[in-house]
Each structure stands twice: as C-alpha cells, then as structure tokens.
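*Asks:* The following comprises the amino acid sequence and a computationally predicted model.
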Amino acid sequence: MTDITTLNDARQDLADANRILFKQDVVDAFGHVSMRDPTNPNQFLLSRNKAPATVTPADVLTFDLQGNLLGGGAHKVYLERFIHAAIYAARPDVHGVVHSHAKAVVPFTIVKTARLRPVCHMGGFLSGIIPNFEIRDHAGMGSDLLIRDLRLGRDLAQKMGSSAVVLMRGHGSTVVGMSLKQAVFRAVYTQNNAQIQAAAMALGEVTYLTDEEALAADEANTGQISRAWDFWSSQTQE
Ligand code: MN
C-alpha cells in the first residue's frame, strides 16, 4: 500500500473511533482519541478541536511528539493534545490513546480508599496498580486540572509508566493500546469495569481477578477486538 492509502485508511479509522467512543458513552462533547501515524512513528493523528461524534476523516490533523501541529493551516486544536504527544514519545509500544471524562471512572480518581481493579474478564488489562495522577503535585493548588502543556503531558506519561490506564484526579482518565482499536476497546471496558466494580462494592466484599487471571483474560480478549470494533462501527452508521 502506498503511504497515502495507508494514511487515508488511518483517517477513516480515527473518525470511526471518535464516533464509536461517543456511541459507547465514553466521550461526550469533550474527550479525544488519537493514533500514531502509521507512515511515521514520530507523528500522531488527532482531530481538530470539535465534538468526537462529529469527526470525519477530513478533520484529522497531524502533530509531532511535542504536540505541534504539522502541515500548516489555521486549525483550532485540542488544548490537551500534549497528553497524546507525551505518551507516544514515552511509549514506543503505544499506537492508540483515548482521553476521556467517562463518568463511571471519575469516582475512582477522587475516592482515596477506592482503587480501580479488574473485577471481570473484560477488564483484565487493569491488572497491577492503576496509577492516579495528582495534578496538584505538578501544577499547584489552583490549576484548571487540564494538561495544557508538554511539561504536564510528560509528568502524566511518567505517572502512567507501563500501565494501560492512568487515572487523572478530579478529571478523567487516559487509556492506551498497542493499536487504535485496542485503545478504544480498553476505553469502553475501563468504564464498564468501573461501573461493575462500583455496583459490587456497594453490595459488599468484592472478589477481584488475580494478576494471573487478569493477564490471561487480557491476552484472550486481545484476539477478539475486531469483533467488537466491527459491531460498534456498524452502530455508528445508523
Ligand atoms: Mn480532559
């Protein structure tokens, strides 16, 4: 395939990802999803600043790993693009990033005694300690909580480490995948796991997956991502 065909397919996938995440209630008017440029690993693709449900392939812009817009043009860009830039720079394994304010996840960013953990097999990628980024440690007591520059993006990426998810206190979360489709899949199931976990915690003592169960489940689920993507994508055509 030529680079231009590859790039056009990527733009279409990214537009689909935006619409899927809206349909699956991960994003609303806010939140964004990106993918590493399949034709140049030192760049990533991200929509111009607009609501995810309205993104088309023509809205997709290219950025470098410092968050600078490439290719010229006077486009309005997402303020928090540095989340994506810094994670792609820090994590060569990552090819998709979803940042959202998904409602079911936010409580786990603000309740000190609650820790997001895998409670069902679809949440297997949540094994280990899911880090929670406290922006007060990096931007003081009076910030607007947004990742509005590359320094904060790098601090967030450092907190994320090798995790699939980083929580952001009082704000939301950022989820990564080894592909765009895996990032979307994980963003959907981060929210699902959070909903199930909160419901279970309200009922009583919770049995969590062991790390071994979680890793095995994640491996099994990784083979099923296209089934979910194809179905979710078909629902965006309605
Ligand atoms: Mn945000």
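*Replies:* That came in fine, so what should we check first?
*Asks:* The one helix or strand residue 99 maps to: what's the following helix or strand?
*Replies:* Here residue 99, judged by DSSP states H and E, is contained in strand 96-100. Next in sequence after strand 96-100, counting helices and strands by DSSP H and E, comes helix 107-110.
*Asks:* From residue 148, how far off is the nearest residue to residue 138 once chain neighbours are set aside?
*Replies:* Of all residues not flanking residue 138 in the chain, residue 155 sits nearest, at 4.6 Å (C-beta to C-beta, 6 or more residues apart in numbering). In this view, the C-beta of every residue, glycine as well, is placed from N, C-alpha and C. Residue 155 sits 12 Å away from residue 148, going by C-beta to C-beta, to the nearest Å.
*Asks:* Low-confidence stretches in the chain?
*Replies:* Scanning the chain for pLDDT under 70 picks out 1, 238.
*Asks:* What ranges does it have for its helices?
*Replies:* Along the chain, the stretches classed as helices by DSSP state H are 3-23, 81-90, 107-110, 136-139, 150-160, 180-203, 211-222, 225-236.
*Asks:* Dump those to TSV, plus mean neighbour count and distance to residue 36.
*Replies:* Below are the helices of the chain laid out as TSV (neighbours: other C-beta atoms under 10 Å; distance: least, C-beta to C-beta, whole Å):
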stretch	mean neighbour count	distance to residue 36
helix 3-23	19	9
helix 81-90	25	6
helix 107-110	17	26
helix 136-139	14	25
helix 150-160	20	14
helix 180-203	21	8
helix 211-222	16	18
helix 225-236	14	17
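*Asks:* now those helices in a markdown table, with distance to residue 116?
*Replies:* Formatted as a markdown table, the helices of the chain follow (distance: least, C-beta to C-beta, whole Å):
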| stretch | distance to residue 116 |
| --- | --- |
| helix 3-23 | 19 |
| helix 81-90 | 18 |
| helix 107-110 | 4 |
| helix 136-139 | 19 |
| helix 150-160 | 14 |
| helix 180-203 | 6 |
| helix 211-222 | 12 |
| helix 225-236 | 21 |
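*Asks:* Which one, of those, ends up nearest to residue 46?
*Replies:* helix 81-90 (6.0 Å; C-beta to C-beta).
*Asks:* now the closest one: how far from the chain's centre is it?
*Replies:* Put simply, helix 81-90 sits 11 Å off its chain's centre (C-alpha atoms, centre = their mean, to the nearest Å).
*Asks:* And the contacts of it?
*Replies:* Contacts to helix 81-90, defined as C-beta atoms under 8 Å, 6 or more residues apart in numbering, come from residues 32, 34, 36, 44, 46, 63-67, 94, 97, 99, 147-150, 152-154, 156-158, 160, 174, 176.
*Asks:* Skipping its backbone neighbours, what lies nearest the spatially most central residue of the chain in space?
*Replies:* Nearest to the geometric centre of the chain sits residue 98, at 2.0 Å (C-alpha atoms, centre = their mean). Using C-beta to C-beta, 6+ apart and skipping residues adjacent in sequence, the residue nearest residue 98 is residue 187, 3.9 Å away.
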